[in-house]
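here is my input; please provide its structure:
(one chain, ligands or ions: 1)
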Amino acid sequence: MPADRPVIVTVPGKINLALGVGARRADGYHDLVTLFQAVSLYDRVTAEAAPAGEIGLVMAGVDVAALGPPEDNLAVRAARLLASRRAPGAGVLLTVLKGIPVAGGMGGGSADAAGALLACERLWHLAPDRAGLLGLAAELGSDVPFLTLGGTAVGRGRGEDLSPVPTTGEWSWVLVTSAEGLSTPLVFARFDELTPNPPAPGLPAGLLDALAGGDPYALGPLLRNDLAAAALDLRPDLAATLQAGRDRGAVAGIVSGSGPTCAFLAADAADAGRLAEELRRDGIGRSVHVVSGPARIGFRHEGRG
Ligand code: C5P
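Presented below is the predicted three-dimensional model:
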């Protein structure tokens with residue numbers, strides 16, 4: 001029998017166009033309501049055949065030195081979880097090429113878990129089971145279910161309860177990364193300190209209509225992030241980054257998720273290119289990326305079996 005061909009899945013990172021955060025729950029998570037959008041900065045997860053029971057990982061690309069040990073890696077945990085539930089004894093060698101900043105508030109680790117689930121499901125010839133995969137994804141992390149779908153979606157609960165939002169058209173964003181990451185649990189803990197009695201979370205009125213309408217000048221004023229104050233408290237330098245984007249004509253600027261990546265909405269792709277050029281010229285952030293959303297997950301097989 002020919003060897004199984006490697007499966008390659010490209011998984012986008014996400015930004016939160018709105019992130020409404022409520023009170024800490026008994027399980028330690030926070031109830032939230034968020035509007036996720038996947039954007040065109042990708043991690044590439046390759047899954048190739050390995051001896052039975054062996055689940056291995058090779059990491060490459062940006063920030064890999066900042067990553068923890070492979071056994072804690074979310075992609076490895078995803079492959080192990082899928083194997084234990086649906087393919088006992090299966091093996092895989094995962095290679096993750098990182099394009100999404102590590103600890104950047106863009107769901108990079110979650111994207112790798114989503115990619116590993118999707119790639120292993122194919123490599124191991126499992127019947128596609130979207131609902132089952134979403135359930136496993138939720139066990140791995142709050143953002144993993146969204147990143148198995150991509151596109152645009154409203155997330156509720158701790159972020160795992162998803163309602164996809166059909167969209168037309170494309171949004172242009174400029175992302176500014178930061179040399180140092182931020183820990184998501186720390187940002188949520190600071191949120192608790194700064195916001196002792198948060199109201200029940202919700203989306204800004206008119207947000208979904210503005211999204212459907214396609215006008216960045218209507219969407220811009222409705223972008224919100226309840227974690228922004230906590231992220232800025234931990235990282236006061238981000239205020240200058242946000243101001244830099246606004247001063248250079250961004251339609252709006254927000255901290256992405258728990259930060260520290262900042263996302264700027266641009267009027268269109270050409271305007272995003274101009275804004276990025278000016279931010280780079282002036283040395284703002286560690287790196288500046290022009291991206292578009294909503295982005296999709298990509299699949300391909302490599303070589304011949
Ligand atoms: O779900 P995930 O493991 O990605 O979450 C990482 C951390 O972020 C959690 O341990 C928790 O501290 C915080 N979190 C939260 N409420 C959420 C999602 C994440 O408090 N809805």
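
can I assume Arg224 is in contact with Ala205?
No: using CB atoms under 8 Å, Arg224 makes no contact with Ala205, being 11.0 Å away. For the C-beta atoms, the positions are set from N, CA and C on the backbone; glycine is no exception.

neighbour-wise, which of these two wins?
Arg224 (19 against 9; other CB atoms under 10 Å).

from Gly214, how far out is the more buried one?
Noted for Arg224: a distance of 19 Å to Gly214, by CB to CB, to the nearest Å.

show me what the longest helix anywhere in the chain is packed up against.
When the chain is parsed with DSSP state H, its longest helix is helix 108-123. Where contact means 3 or more CB pairs under 8 Å, 6 or more residues apart in numbering; DSSP states H and E, helix 108-123 is packed against strand 7-24, strand 30-48, helix 74-86, strand 92-98, helix 130-140, helix 144-149.

does the ligand sit close to the last one?
No: no part of helix 144-149 sits close enough to the ligand to count as contact by CB under 6 Å from any ligand atom; the gap is at least 7.5 Å.

gap between the helix or strand following that helix and the chain center?
Along the chain past helix 144-149, the next helix or strand (assigned with DSSP states H and E) turns out to be strand 152-156. Centroid displacement of strand 152-156 relative to its chain, using CA atoms, centre = their mean, to the nearest Å, is 12 Å.

so does strand 152-156 get close to the ligand?
No: using CB under 6 Å from any ligand atom, we find that strand 152-156 stays clear of the ligand, coming within 8.7 Å at best.

could you dump the following helix or strand past that strand to CSV, C-alpha only?
As assigned by DSSP H and E, the chain's next helix or strand after strand 152-156 is strand 161-164. Taking C-alpha atoms only, strand 161-164 is exported to CSV below (Å, rounded to 0.1, in the frame of the first residue of the first chain):
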residue,chain,number,x,y,z
ASP,A,161,-20.1,28.4,21.2
LEU,A,162,-20.0,29.7,17.6
SER,A,163,-22.5,31.2,15.1
PRO,A,164,-20.8,31.7,11.7
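
and the gap between the spatially closest residue to Val76 that is not a sequence neighbour and the ligand?
In this structure, Val76 finds its nearest non-sequential neighbour in Leu57, 5.1 Å apart by CB to CB, 6 or more residues apart in numbering. Distance from Leu57 to the ligand, counting by CB to the nearest ligand atom, to the nearest Å: 19 Å.

try Ala267
For Ala267, the distance to the ligand - CB to the nearest ligand atom - is 32 Å.

who are the contact partners of the closest residue to that residue other than its chain neighbours?
Among residues not flanking Ala267 along the chain, Pro216 sits closest, at 5.5 Å (CB to CB, 6+ apart). With contact taken as CB atoms under 8 Å, 6 or more residues apart in numbering, Pro216 is in contact with Trp171, Ser172, Val251, Leu265, Ala266, Ala267, Asp268.
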